[in-house]
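[1] kindly generate the corresponding structure for this input.
(chains A and B, ligands or ions: 1)
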Amino acid sequence: MNLDYSESEQTFREEVQNFIRANIPSTIKAKIDARQKLANEDYIAWHKILYGRGWVAPNWPTEFGGIGWTPLQCHIFDEEIGLAGIPRVMPFGVNMVGPVIMEFGTDAQKEYYLPRILSCEDVWCQGYSEPSSGSDLASLKTRAVRDGDQYVVNGSKIWTTSAHWADLIFCLVRTDTEVKNQEGISFLLINMHDPGIDVRPIITMDGGHEVNQVFFTDVRVPVTNLVGEENKGWTYAKFLLKHERAGIAAIGSQKRQLNRLKEIARAEQSNGQALIEEPRFRDKISKAEIDLMALEYTELRAVSAANQGEVPGTEVNLLKIRGSEMQQKISELLIEAIGYYANPFVPDSFEAGWNEEPIGPDYAATLAPEYFNWRKSSIYAGSNEVQKNIISKMVLGL
Amino acid sequence: MDFTLSDEQKLLKDSVDRFVAEKYGLDVRRALVASEDGFGRENWKTFAELGWLAIPFAEASGGLGGGPIEVMVLMEAFGRGLVVEPFISTILTGASLVEALGDKEQKAAILPSVIQGKKLITFAHVEPQARFTLSDIMTTATADGGRYRISGHKAVVFGGDSANHLIVSARTSGDQRDENGISLFLVDAEAEGVTRRSYGTVDGLRAADVALKDVLVGPEALLGEEGDTFATIESVVDSATAAVCAEAVGIMDSLHEQTLEHLNTREQFGVKLGKFQALQHRSVDMFVACQEARTMTYVATLSLDKPRTERIRAVSAAKSHIGRAGRLVGQEAVQLHGGMGMTDELAVGHYFKRLTMIDTLFGNMDHHLERFAAAVYG
Ligand SMILES: Cc1cc2nc3c(=O)[nH]c(=O)nc-3n(C[C@H](O)[C@H](O)[C@H](O)COP(=O)(O)OP(=O)(O)OC[C@H]3O[C@@H](n4cnc5c(N)ncnc54)[C@H](O)[C@@H]3O)c2cc1C
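    Okay, the predicted model is just below:
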């Protein structure tokens, strides 16, 4: 047993840090520092920079353009990205549909889609959830009916993150209504620019637009866009979920948030002292830091096991639960830290180009909307209740 | 001991409940929030006509001589409807300070027009550095040839954008956090040297940061004794704190009802969500939190006329407790709604946001925990 990163891992970390420092475009850096919203173009620009370095898909096998980094290297890379405040590469292509196509797709699909995922030629989104099928995903109803060499798709997907930016959507669709729910689902790739697709924004309570409802009306999809076998989609979906949740604890960005909390607690005054000196709040910060430590090393135990060749198991469920709870906890402490200045709401100030004086301290404006927005993390990617159901069944045998 | 409302209080409750149920849907509120004033002038007129704006004032001032219980009844209903009209700022802080400290002329100049719904007034007190320490005042008022010259910065003054009058707290003596040396001044919101930067808040209200630069007022603007207003500020703020506890209770009950409704309608895995035991228990936890929050609001409300230490003990206990209970109820309501709970379209998010922000008003749960401990354990 040994708690430390090896020398070569340390060197690797420095390499990543240097790369980020040297390559993050100043416009994006400025937005990150000012906590302004990044545009789709920013995500694409950063993706292309990573692409230039060959670092888009560190976890992919080299034959498909990955680097074959070890799980620990992937962890270090992700941690550094998070610490720098840079959003991850959009997960829908690289971490979700990519691995599914690699594993189950045809050669033609691999040759066409994978390079375009790497280069960000295509932006992807995930069409799983439906209005009446959330936690019970297998009950989904969006219908795909075979008509010659096409499927005709009708139905609706909801909560589709980035659908308004996406070129392609990977969808779970129902191809057989006669069998058990799980046995009549197929995995279909659909062009978002096709006729019959209508994307309607859903505004979240923080005022942001990241999710959508997507309507399909007689959308014609070539059968060559089916991944794997018809009616085997549920198997692929389960395979994908493992990838979706990798790195879900987002240790790097959580550490960044915690650092931000400490900075703010140093700047805020309470009764003539810095808030961080006030025992009550100091304890809360310490507890958060200790919890984050517990989460980090729990994740590192899993990563390190994977490094030694073990196949990841249900620990991703645990990391999902605690990761989301920590994100929510830290954002809760952030609004507690700023007192009355959690109240002002000036959404224009979240947009690039806004350069008026902030109301209150410059770190305050986004904190309440962020807190409201983070409530999503215990709901999406399999709600925490569903994760607990999985752990109690699969791990504890209850 | 008696926790029931009198017949008259029940009538008030019926009338305000009816107003909220009939006149205050989410769409109505949305339109009010987006309107120029950020609230309904018509509603405010209705409040005046129904006598709600007169409730906490003595009959001599043109009021109805109501007490904390009547205010509690109103505020709970306002919470249930997420009412955005500036009742707390104008009636419970601004005008209540005039009622407590004003001389005959000052009361005559302010209270009738406020009670009739013609003028708005707010308390410009909190400062950027003060956090929740009520006596942390750096704004100064210096004597200047029989007048006062006021300079300073007031933070997040609720209702500050639409108020006609401000009550500005300023230091006439003492150090930054001394309780002695704080004076109150009636300042015209349009007076020279007053700059208001107005904005909406995350929960749909309006506020302003108010900069005062060499604002000159005469001796008639002084409200109460020079340098000796802290005890009154504290008791008025305690009353307002009890009132926002009642508002929180209305919000929490509504959130719990909305959640129950959802659990009884939404189906997953072929059954109503309410069939899952994990969710049943969570819903029970919410119910318990709502019940205790109500209890604590009664305790605070019924202690407002008690000696200072007892009052603080009750009010701070309630505000701290409700800070925690409100957090639980708000977060669970969103969570149990799933994706729907995250939307701007559903009411849940709006209730959750207001409930979250109530914790920042008049001191958050930690502040009141500390204040409780200081009052009880010395
Ligand atoms: C911001 C955001 C982004 C999203 N992005 C995407 C995306 O890109 N693509 C996509 O396909 N989906 C996406 N989702 C959808 C997400 O996966 C679903 O919201 C989630 O699966 C929950 O489903 P639901 O919203 O229908 O809630 P429901 O399933 O109706 O659940 C409501 C509540 O009941 C609980 N519950 C349900 N079943 C049980 C049970 N058996 N036991 C105990 N509790 C239970 C849930 O945990 C939840 O608290 C996103 C959601 C959000 C909020």
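[2] flag every residue of chain B that's near the ligand.
    Contacts of chain B with the ligand, taken as CB under 6 Å from any ligand atom, map to B:266, B:268, B:269, B:273, B:276, B:278, B:279, B:335, B:336, B:338, B:339, B:342. Just so you know, the C-beta spots here come from the backbone N, C-alpha and C atoms, and that holds for glycine as well.
[3] please pick the buried ones from these.
    With burial judged by 16 or more other CB atoms under 10 Å in any protein chain shown, the buried subset of those is B:266, B:268, B:273, B:276, B:279, B:335, B:336, B:338, B:339, B:342.
[4] is chain A contacted by the helix or strand encompassing residue B:280?
    Using DSSP states H and E, residue B:280 sits within helix B:277-301. Yes. Helix B:277-301 lies within reach of chain A by CB under 8 Å from any CB of the partner chain, at B:278, B:279.
[5] tell me what that helix is packed against?
    If contacts are counted by 3 or more CB pairs under 8 Å, 6 or more residues apart in numbering or on different chains; DSSP states H and E, helix B:277-301 sits against helix A:384-390, helix B:68-81, helix B:230-263, helix B:308-337.
[6] for residue B:170, give me phi and psi.
    phi -150, psi 150 (degrees, to the nearest 10).
[7] burial count for it?
    Burial of residue B:170 is recorded as 27 neighbouring residues (other CB atoms under 10 Å in any protein chain shown).
[8] dump the host helix or strand of residue A:186 to CSV, keeping only the CA atoms.
    Taking DSSP H and E as the definition, one finds residue A:186 inside strand A:185-191. The C-alpha trace of strand A:185-191 is given here as CSV (Å, rounded to 0.1, in the frame of the first residue of the first chain):
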residue,chain,number,x,y,z
ILE,A,185,-35.5,-1.6,-27.6
SER,A,186,-33.0,-0.6,-30.3
PHE,A,187,-30.1,1.8,-30.4
LEU,A,188,-30.5,4.3,-33.2
LEU,A,189,-28.3,7.2,-34.5
ILE,A,190,-30.4,10.0,-35.8
ASN,A,191,-29.4,13.2,-37.6
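[9] what's that strand in contact with?
    With contacts defined as CB atoms under 8 Å, 6 or more residues apart in numbering or on different chains, strand A:185-191 is touched by A:97, A:100, A:104, A:109, A:113, A:127, A:138, A:140, A:144, A:151, A:153, A:167-175, A:197, A:216, A:219, A:221, A:225-228, A:230-234, A:236-237.
[10] on that earlier part again, now do the helix holding residue B:280 against helix B:68-81, angle only.
    With axes from the mean of the first three to the mean of the last three CA atoms, to 10 degrees applied, the angle from helix B:277-301 to helix B:68-81 works out at 150 degrees.
[11] pull out the buried positions in helix B:277-301.
    Neighbour counts over helix B:277-301 (16+ other CB under 10 Å) mark B:279, B:282-283, B:286-287, B:289-290, B:293-294, B:296-301 as buried.
[12] would you mind pulling the contact partners of that helix?
    By CB under 8 Å, 6+ apart, the surrounding residues in contact with helix B:277-301 are A:385, A:388-389, B:3, B:68-69, B:71-72, B:76, B:241-242, B:245-246, B:248-249, B:252-253, B:255-256, B:259-260, B:263, B:273-274, B:314-315, B:317-319, B:321-322, B:325-326, B:328-329, B:332-333, B:335-336.
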